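Novice: I would like to see how this sequence folds:
(one chain, ligands or ions: 1)
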Amino acid sequence: MMASRNQNRAPRSPSSKRGDGDGVPLDKRRRVGAGVGKTAGSERKPFGSVNKKLEAAASSADASSKDASESSCIEFTKEEVEALVNEKAKMKRFDLKGNLEATTELNSRLKLCLKWCQKREEGHVEEESKLRNDLESYQKRCEDTEVEMRRVEEVSRTTIVELTKENASLKEKLSKEESEKLAAVESYRKEHEARIALETEKASLSKELEEANKKVIYDQSLASLDAVTNNNLKAYNESLQQYSAKLHSDLVTTRNLLQRVEQEKAAVVENLSTVRGHKQSLQEQLAISRVSYLITLDINVFNKCQASQDEAVNMKHSLVTEVKCLRGDLQQVRDDRDRQLAQVQDLNAELLKYQENTGKSQAELDVLISKAQLLEETCSSHRKQISLLEQKLTAANEKSKTLDMTAAEARTGFEEQRRIVSELQERLADAEQQLLEGEKLRKKLHNTILELKGNIRVFCRVRPSLPDDARADTQVVTYPSSLESLGRGIDVMQNGQKYPFTFDKVFSHDASQQDVFVEISQLVQSALDGYKVCIFAYGQTGSGKTYTMMGRPEAPELKGLIPRSLEQIFQASQVLMSQGWKYKMQASMLEIYNETIRDLLSPNRSSSCESSNAPGKQYNIKHDANGNTHVTDLTVVDVSSIAEISSLLRQAAQSRSVGKTQMNEQSSRSHFVFTLRIYGVNEGTEQQLQGVLNLIDLAGSERLSRSGATGDRLKETQAINKSLSCLADVIFALGKKEDHVPFRNSKLTYLLQPCLGGDSKTLMFVNVSPDPSSVGESLCSLKFAARVNACEIGVPRRQMNLRPAIAAVDSRLSYG
Ligand SMILES: Nc1ncnc2c1ncn2[C@@H]1O[C@H](COP(=O)(O)OP(=O)(O)OP(=O)(O)O)[C@@H](O)[C@H]1O
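Specialist: Here you go, the predicted model:
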């Protein structure tokens, strides 16, 4: 933007202070010439070499055209020219011819010299125009380069923003992917663990199942064995029962036999007792017979009786033998019976035992069967569980495979993202490098442009019409539409006469706060680069100075240059931190009211306080050798954020001296000076810098005749106009390069001395009201601004001429 303004700049006049083409300033060359002339005049040395040249040329002057061209090639030094000019023809009293010749010869030499001078002059003019063209083309190149650099910077910035965004989103994506991957890995690990646990469980269950199967088989074999044993036992039992029954029947038979034998024995015993009774009776009969035999002497009968006795004895013997036999038989039967009974008892005991055993085995078998059933149930449930687990395992395996695949995909994606990120980082680093280089180039170009333009520039801003403004048929303020003046020209009509002005930039009434800020943002940036920057607003009361400088901070769109500049400074300082810069910032705010400095941040100063400052405070302005300005006892606050500054600005705004004037409801009755000191250190490059940003809202100039002020207001107005008049004096003295510049004539000019006369980059806003009734004041302000614009103050110098119309009215510039 600055470049384009420069493009339209008026061409430098031939009377510019630059040299006439040979690179040596004219005044310097003149001084050299004068010195030589003096020497030549005082010493009057003969001009050996030139005379020889001239004589040679003169002698062949009219010989041929070749000689003429040769004579035109003769070169003169300054001394020779001076000598020739000072030379007088040597006249002899009575030698008219000789005198004529000498005069002619001198004339011809002078003519040659004149020719040479003319040629040299032409050469110089040509060279000058060439240099001018060069300069213009250089300026154009600079502007092109600046535009290109801006574009590159813009592109780089956008790229960086995009890359940063992309990087952030990629990082976010990456972290998301990583967390997903971690979650996947975690779930895979869990699945794996679960799988291992399941496998172990499965193995243990399989083992258990195997054991249970074995046990079942064993139990089954045991059960079958038991069944076999049971069957055997049953069979045995049956056989035993049969045997027992047989034994019973045998026993019954034996008993019957025994009974019969007993009966027989009883019969035998009875028989025997009968026999015994018979024997007894026989014995008795015998005894009686014996007695009778004796008595009656019948021996036959006795014999008979003897025979019958013998027979009875024989019978008795046979019966005894038979009884013995029967007894033996009986004993044998009894023994058999006892044995069989014992056998039966044994068998019974065995049967009982067996039955007991069988019962036990049956119970055991039942227990085993129930156990086997239970085990089978457990096995089947285990089998089910195993199949379920197997299903789960397959699912888990599949999931694990999918996860593996996803993890692999995520890994490749991650690798890809990492590659992209590293590529982006490289690109970002490249872009940052480019940006750094661009930034360096920008600074260089910006400074070069500022050098070319001069270190004080003037922007003009016209406020929109307000309801209270006077109405007029024609517009007082207009803007030329010619290409040359577009955006830089402003025309003011007064009494039918047009007064044209040109500034570095002209903002019409519809320019927004942002439009204005864009134009000064580079300048503000310079403060961070270590420059002293001063921006001040000048203009009649009610023309929009406070609106331009401070605006309405509560409405973002309407914020003025001060809050916007500070925001930029803080934002840019944050960006520069990435390049190793660390900044410390200190803010102070003062007002100059009736030629008195007031500390707007003093803790002792209450809001809307009209009284002077805290007692004992000495607000003296001091300039050090480095061109830094300090105000003693002034409150300086360390600030590190825009919020802090905003609160300080609010505090200062409340403390500022404001009053109502005929021209402005809320008129600033003092000069407001905001100072931000910026100390920067780059730990990487060991660079240090100290920048200063001065943002000044001057009190409004006002014609006493119009203001209608009286009393304190009159005093205020006089003080304001006096200090502004001092400002004008300083600027004019600087413009005229006067030895004495009256900086000390007012507090304002003394405070601004380093900005106006030093190495600061200074920008003046001239605020103009479109109100037809203020046209006089507007013209006054614009004339003053034009004068400032035409001044070369500080170093480097600025090449700029006043436009004629402005020059004509300059002399009428005054205040109050
Ligand atoms: N560009 C603009 N757009 C809209 N309103 C504006 C503009 N400039 C000034 N104004 C309005 O004009 C009025 C006067 O402006 P301001 O107070 O800024 O003038 P000033 O030059 O600071 O006056 P003083 O020197 O008396 O303090 C205010 O109401 C302000 O809002």
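Novice: dump the residue contacts of residue 693.
Specialist: Counting by Cβ atoms under 8 Å, 6 or more residues apart in numbering, residue 693 touches 524, 527, 533, 535, 565, 569, 675-676, 678. No exception for glycine: its C-beta is placed from N, CA and C like everyone else's.
Novice: Go again with 10 Å.
Specialist: Residue 693 sits next to 523-524, 526-528, 531-535, 562, 565-566, 569, 585, 587, 674-678 when contact means Cβ atoms under 10 Å, 6 or more residues apart in numbering.
Novice: What mean pLDDT does stretch 763-774 get?
Specialist: Mean pLDDT, computed over stretch 763-774, is 92.
Novice: Take the contacts of residue 693 and keep only those in strands.
Specialist: Using DSSP state E, the subset of the contacts of residue 693 located in strands is 532-535, 585, 587, 674-678.
Novice: Can you tell me which of those is nearest residue 760?
Specialist: Lowest distance from residue 760 to the ones in strands among the contacts of residue 693 (Cβ to Cβ) belongs to residue 532, with 4.0 Å.
Novice: Tell me if I'm right that that closest one and residue 762 touch.
Specialist: Yes: with contact defined as Cβ atoms under 10 Å, residue 532 reaches residue 762; the gap is 8.7 Å.
Novice: which residues are in contact with both of the two?
Specialist: 694, 754-755.
Novice: domain assignment for the chain?
Specialist: The chain breaks down by automatic domain parsing into domains covering 196-406, 455-810.
Novice: Let me know which of the ones you listed is the nearest to residue 141.
Specialist: Taking the domains of the chain one by one with Cβ to Cβ, domain 455-810 is closest: 17.2 Å.
Novice: how close does residue 774 sit to residue 479?
Specialist: Remark: distance between residue 774 and residue 479 (Cβ to Cβ, to the nearest Å) = 18 Å.
Novice: So those two - more neighbours on which side?
Specialist: The neighbour comparison of residue 774 against residue 479 (other Cβ atoms under 10 Å) goes to residue 774, with 24 against 17.
Novice: Just give the closest residue to the more buried one, not the sequence neighbours.
Specialist: residue 540 (6.2 Å; Cβ to Cβ, 6 or more residues apart in numbering).
Novice: Got phi/psi on the residue nearest to the spatial centre of the chain?
Specialist: The residue lying closest to the centre of the chain (Cα atoms, centre = their mean) is residue 168, at 6.9 Å. The phi/psi pair for residue 168 (degrees, to the nearest 10) reads phi -60, psi -40.
Novice: Would you mind measuring from it to the ligand?
Specialist: When distance is defined by Cβ to the nearest ligand atom, to the nearest Å, residue 168 is 38 Å away from the ligand.
Novice: Tell me the buried residues in the host helix or strand of residue 712?
Specialist: Assigned by DSSP states H and E, residue 712 falls within helix 711-735. Neighbour counts over helix 711-735 (16 or more other Cβ atoms under 10 Å) mark 713, 716-735 as buried.
Novice: so, in contact with the ligand or not, it?
Specialist: No: counting by Cβ under 6 Å from any ligand atom, the ligand has no neighbours in helix 711-735; the shortest distance is 8.5 Å.
Novice: Low-confidence stretches in the stretch 451-600 of the chain?
Specialist: Counting by pLDDT under 70, the stretch 451-600 of the chain has low-confidence residues at 451-455, 472-473.
Novice: Tell me the confidence at the nearest residue to residue 703 once chain neighbours are set aside?
Specialist: Setting aside the residues directly before and after it, residue 703 is nearest to residue 777 in space (Cβ to Cβ, 6+ apart), at 6.3 Å. pLDDT for residue 777: 88.
Novice: wait, residue 777 sits on residue 538?
Specialist: No: the criterion here is Cβ under 10 Å, and residue 777 misses it with residue 538 at 11.6 Å.
Novice: Overlap in contacts, those two.
Specialist: 700-701.
Novice: Measure how far stretch 742-753 is from the centre of its chain, please.
Specialist: Remark: stretch 742-753 is offset 47 Å from the chain centroid, using Cα atoms, centre = their mean, to the nearest Å.
Novice: Let me see the mean pLDDT of that stretch.
Specialist: pLDDT averaged over stretch 742-753 gives 90.
Novice: Going forward, count from 44.
Specialist: Okay, using 44 as the starting number, the last item reads as stretch 785-796.
Novice: if we can go back for a sec, quick one: the residue nearest to residue 817 from the ligand, how far?
Specialist: 7 Å.
Novice: Identify the residue of the stretch 394-543 of the chain closest to the ligand, quick one.
Specialist: In the stretch 394-543 of the chain, the residue that lies nearest the ligand is residue 506 (3.4 Å; Cβ to the nearest ligand atom).
Novice: For the stretch 744-859 of the chain, which residues are neighbours of the ligand?
Specialist: Selection of the stretch 744-859 of the chain residues close to the ligand by Cβ under 6 Å from any ligand atom yields residue 810.
Novice: in the stretch 744-859 of the chain, which spans are strands?
Specialist: Remark: strands assigned in the stretch 744-859 of the chain by DSSP state E, counting those that start in this stretch are 804-811.
Novice: Point me to the residue of it nearest the ligand.
Specialist: For the stretch 744-859 of the chain, Cβ to the nearest ligand atom, closest residue to the ligand: residue 810, 5.5 Å.
Novice: That residue: neighbour count?
Specialist: Residue 810 has 29 neighbouring residues, counting by other Cβ under 10 Å.
Novice: Look up the residues forming beta bridges with it.
Specialist: residue 504, residue 582 (DSSP bridges).
Novice: in the stretch 44-193 of the chain, which segments are predicted with low confidence?
Specialist: Looking at the stretch 44-193 of the chain by pLDDT under 70, you get 44-116, 131-137.
Novice: And the residue of the stretch 694-843 of the chain closest to the ligand?
Specialist: For the stretch 694-843 of the chain, Cβ to the nearest ligand atom, closest residue to the ligand: residue 743, 2.5 Å.
Novice: Count the residues that sit near that residue.
Specialist: When neighbours are counted by other Cβ under 10 Å, residue 743 comes out with 30.
Novice: and what of residue 353?
Specialist: Residue 353 has 10 neighbours, counted by other Cβ under 10 Å.
Novice: Show the contacting residues for the residue in the stretch 544-693 of the chain positioned nearest to the ligand.
Specialist: Among the residues of the stretch 544-693 of the chain, residue 587 lies closest to the ligand, at 2.8 Å counting by Cβ to the nearest ligand atom. Residue 587 makes contacts with 504-507, 509, 550, 552, 580, 594, 603, 707, 743, 808, 810-812, as judged by Cβ under 10 Å, 6+ apart.
Novice: Check residue 282 too.
Specialist: Contacts here follow Cβ under 10 Å, 6+ apart; on that basis residue 282 touches 289, 390.
Novice: Distance of residue 473 relative to residue 445?
Specialist: 40 Å.
Novice: any weak-confidence spans in the stretch 194-343 of the chain?
Specialist: For the stretch 194-343 of the chain, the stretches flagged by pLDDT under 70 are 287, 318, 322, 329, 332-343.
Novice: which residues in it form helices?
Specialist: With helices called from DSSP state H, counting those that start in this stretch, the stretch 194-343 of the chain shows them at 342-496.
Novice: how about the strands in it?
Specialist: Here the stretch 194-343 of the chain has no strands by DSSP E, counting those that start in this stretch.
Novice: In it, which residue sits closest to the ligand?
Specialist: Counting by Cβ to the nearest ligand atom, the stretch 194-343 of the chain gets nearest to the ligand through residue 197 (26.9 Å).
Novice: That residue: neighbouring residues, count only.
Specialist: Neighbours around residue 197, by other Cβ under 10 Å: 11.
Novice: before we move on, what about the one 5 residues further on?
Specialist: Look at residue 202: counted by other Cβ under 10 Å, it has 18 neighbours.
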